[in-house]
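Visitor: Here is my input; please provide its structure:
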Amino acid sequence: MSFTVAIDGPAAAGKGTISKAVAAHFGFAHLDTGLLYRAVGRRTLEGFGALEAAQALTAEELEQGDLRTAEIAQAASKVAVIPEVRAALVDFQRAFARRSGGAVLDGRDIGTVICPNAEVKLFVTASPEVRAERRFLELSAKGADVTREQVLADVKERDARDAERSAAPMKPAEDAVRLDTTDLSIEAALAKALELISAKLPATR
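Guide: Prediction:
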């Protein structure tokens with residue numbers, strides 16, 4: 001059985017946490033598609049061309065532990081606006097999505113571009129201020145030297161770049177269920193996601 005859950009949304013809205021938990025709950029495979037762009041962004045910081053890095057990307061590169069830094073996040077956002085880079089990564093994502101046993105993919109264009117026929121589509125969001133606070137606490141816990149003002153500015157800049165890019169801009173799919181986590185605990189948000197997905201699962205599962 002193939003069953004695809006597409007979860008989109010901006011940075012620090014909670015989509016990654018929800019996606020991992022959903023995959024674990026149902027026994028689905030999980031792909032954080034942002035890691036594809038982070039891996040490509042990492043390569044560009046090493047001097048490689050963005051398209052070259054995308055075309056040569058391997059699954060092993062997604063396992064590298066330094067892909068969550070703020071510097072790589074910014075590099076990822078920059079390479080993600082390049083249409084040729086996005087095109088090079090489409091097949092990888094679509095093959096993963098239709099694998100047997102079910103799959104959860106989270107990103108910014110899963111429900112609109114990568115998997116427009118996904119059985120379930122969620123758009124997880126929250127206010128920029130709440131997302132910036134979450135990201136600030138996360139980075140601070142890792143010892144990063146950042147300020148709340150700086151992180152909020154980065155969040156808003158990235159939102160604008162993701163939403164305004166010509167190639168696969170970040171936006172909810174027309175049939176996506178919007179899940180606003182601004183005033184929700186992660187437990188409450190996850191419960192809503194699980195309820196929505198359970199309602200769509202085949203009765204034979």
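
Visitor: Going by C-alpha atoms from here, please, whenever you check contacts or count neighbours.
Guide: Fine.

Visitor: Looking at stretch 180-199 now, give me its mean pLDDT.
Guide: The average pLDDT within stretch 180-199 is 96.

Visitor: can I get the CA coordinates of it in PDB?
Guide: Extracted C-alpha coordinates of stretch 180-199, given in PDB (Å, rounded to 0.1, in the frame of the first residue of the first chain):
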ATOM      1  CA  ASP A 180      -2.100  26.800  13.200                       C
ATOM      2  CA  THR A 181       0.100  26.000  16.200                       C
ATOM      3  CA  THR A 182       0.500  29.500  17.500                       C
ATOM      4  CA  ASP A 183      -1.600  28.800  20.600                       C
ATOM      5  CA  LEU A 184      -1.400  25.000  20.500                       C
ATOM      6  CA  SER A 185       0.900  22.700  22.400                       C
ATOM      7  CA  ILE A 186       2.700  20.200  20.200                       C
ATOM      8  CA  GLU A 187       0.600  17.400  21.800                       C
ATOM      9  CA  ALA A 188      -2.600  19.100  20.800                       C
ATOM     10  CA  ALA A 189      -1.300  19.800  17.300                       C
ATOM     11  CA  LEU A 190      -0.200  16.200  16.900                       C
ATOM     12  CA  ALA A 191      -3.600  14.900  18.100                       C
ATOM     13  CA  LYS A 192      -5.400  17.000  15.400                       C
ATOM     14  CA  ALA A 193      -3.000  15.700  12.700                       C
ATOM     15  CA  LEU A 194      -3.400  12.100  13.800                       C
ATOM     16  CA  GLU A 195      -7.200  12.500  13.800                       C
ATOM     17  CA  LEU A 196      -7.200  13.900  10.300                       C
ATOM     18  CA  ILE A 197      -4.900  11.200   8.900                       C
ATOM     19  CA  SER A 198      -6.700   8.300  10.600                       C
ATOM     20  CA  ALA A 199     -10.000   9.500   8.900                       C
END
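
Visitor: in it, what counts as buried?
Guide: Asp180, Thr181, Thr182, Ala189, Leu190, Ala193, Leu194, Ile197 (16 or more other Cα atoms under 10 Å).

Visitor: could I get the helix or strand that Val5 is a member of in PDB with only the CA atoms?
Guide: Using DSSP states H and E, Val5 falls within strand 4-8. Written as PDB, here are the backbone C-alpha positions of strand 4-8 (Å, rounded to 0.1, in the frame of the first residue of the first chain):
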ATOM      1  CA  THR A   4       1.200   9.800   1.200                       C
ATOM      2  CA  VAL A   5       1.000  12.500   3.800                       C
ATOM      3  CA  ALA A   6       2.200  15.900   2.700                       C
ATOM      4  CA  ILE A   7       3.000  18.400   5.400                       C
ATOM      5  CA  ASP A   8       4.000  21.900   4.400                       C
END
